[in-house]
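Student: Generate coordinates for the sequence data below:
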Amino acid sequence: MITLVSDRFDDEALSRLSKAVTCARAKSFDLSADDLSNVEALVIRSRTPVDSQLLTRAPKLRVIVTCTSGFDHIDLKATQARGVRVMYTPNANAASAAELTWALVLACARGLIQAHERVEQGDWTRKMGTQLSGKTYGVVGHGRIGSRVAAIARAFGMTVRICDPYQNGESLEQILADCDVVSVHVPATPATKHMIQSFVGAKPGLIFVNTSRGHVVKESTLIEALNSKQVAAAGLDVFEHEPLPASSALAGRDDVVLSPHVGASTHEAFRQASSEAADKIIAFAQHGATSDELPGNAPWM
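Tutor: The predicted model follows:
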């Protein structure tokens, strides 16, 4: 089975994949008709969007594996219409994304970015932070990542509340009103776009963290909530427009901690995603088997 890898891929996983199928590396993320004319299997990351135009350039394509937990870069209606099977690697970055969530929570609670800057400037001012033990943590989306975040919150001595309609969770309004910290862990789908449109009624002093997808939160309302101090601090790894424009009202604030969509950016998650993708291509080539196939019936999809 002729397989094209269009993005970064672990060398060991690539070696194993190359022993099972005919494997090539693409020279860029923008795949031409020449790149795709004979390709039967395509391995991608989020920088390779899959739409009807790409599918037209790949007449022999049978299967796509994306080495990501998100899948909003793939037009699943178009792949279904063409009969192309699609799989993803939702487990590979779960631990890394959960850890980044907590890095942002802690940075917000203790003002770590500002403290670092003060020390570098010779300013020994010791400002008060927020203790998390004894507080309430709200998890929006209690799946692979959210469940890990919840476990860490319990280890910190926090009470955990869950908002997940597929697990008989509480309403989003209840979570925002009652919790001291809220983090979001849902995929980008039509059902989750701007699912948080307002922070009116949120518990004053809320710490809000988003490591899922930027479109889940209406940024203008988050900015309003920060300006009014309804939200005390926000930790954001994802944004409605990426890269985040330098002119964004989220930039340059002491009450916002920013990172450039690095939830999955660890060496371990990269190797695991590559290995899982190789396994999926090999299983499909040898047995026609699929796993973690999209679209799925999993929560929020």
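
Student: How about the most centrally placed residue in the chain, nearest residue that isn't a chain neighbour?
Tutor: Note on the chain: the residue nearest the mean C-alpha position is residue 212, at 4.0 Å, using Cα atoms, centre = their mean. The shortest distance from residue 212 to any non-neighbouring residue, by Cβ to Cβ, 6 or more residues apart in numbering, is to residue 184 (4.9 Å). All C-beta spots, glycine's among them, are computed from the backbone N, C-alpha and C.

Student: Quickly list the domain ranges of this structure.
Tutor: Domain assignment for the chain by automatic domain parsing gives 2-92+266-294, 94-258.

Student: Let me have these in a markdown table, adding mean pLDDT as columns.
Tutor: Below are the domains of the chain laid out as a markdown table (pLDDT from 0 to 100):
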| stretch | mean pLDDT |
| --- | --- |
| domain 2-92+266-294 | 97 |
| domain 94-258 | 96 |
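
Student: Would you tell me what the next helix or strand after the one helix or strand residue 275 maps to is?
Tutor: Using DSSP states H and E, residue 275 maps to helix 267-287. Note on helix 267-287: by DSSP H and E, the next helix or strand toward the C-terminus is strand 293-294.

Student: Please name every helix or strand in contact with that next one.
Tutor: When contacts are defined as 3 or more Cβ pairs under 8 Å, 6 or more residues apart in numbering; DSSP states H and E, strand 293-294 packs onto strand 85-88.

Student: name the helices or strands packed onto the strand it packs on?
Tutor: Strand 85-88 packs on strand 63-66, helix 76-82, helix 267-287, strand 293-294, going by 3+ Cβ pairs under 8 Å, 6+ apart.

Student: now it: how far from the chain's centre is it?
Tutor: Taking the mean of its C-alpha atoms, strand 85-88 sits 17 Å from the chain's own mean (Cα atoms, centre = their mean, to the nearest Å).

Student: With stretch 263-273 instead?
Tutor: Relative to the chain's own centre, stretch 263-273 is displaced by 12 Å; criterion: Cα atoms, centre = their mean.

Student: buried stuff in that stretch?
Tutor: For stretch 263-273, a neighbour-count test (16 or more other Cβ atoms under 10 Å) marks 263-264, 266, 269-273 as buried.

Student: Can you name every helix or strand that the helix or strand residue 16 falls within contacts?
Tutor: For residue 16, the host element (DSSP H and E) is helix 11-20. For helix 11-20, the elements it packs on are strand 2-5, strand 22-25, helix 267-287, judged by 3+ Cβ pairs under 8 Å, 6+ apart.

Student: Let me know which of those is the nearest to residue 76.
Tutor: Closest of those to residue 76 is helix 267-287, at 16.5 Å (criterion: Cβ to Cβ).

Student: what does the closest one rub up against?
Tutor: Under the criterion Cβ atoms under 8 Å, 6 or more residues apart in numbering, residues 1, 3, 8-10, 12-14, 16-17, 20-21, 41, 43, 62-63, 65-68, 85, 87, 89, 91-93, 95-96, 264, 289-292 lie in contact with helix 267-287.

Student: Could you turn the buried ones of these into a PyMOL selection?
Tutor: Typed into PyMOL, the line below selects the buried ones among the contacts of helix 267-287, using 16+ other Cβ under 10 Å:
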select buried, resi 1+3+9+10+13+14+16+17+20+21+41+43+62+63+65+66+67+68+85+87+89+92+93+95+96+264+292
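
Student: what about the strands in the stretch 151-300 of the chain?
Tutor: 159-163, 181-184, 206-210, 231-236, 256-258, 293-294 (DSSP state E, counting those that start in this stretch).

Student: Neighbouring strands - and their directions - for the last one?
Tutor: Pairing partners of strand 293-294, with direction, according to DSSP bridges: strand 85-88 (antiparallel).
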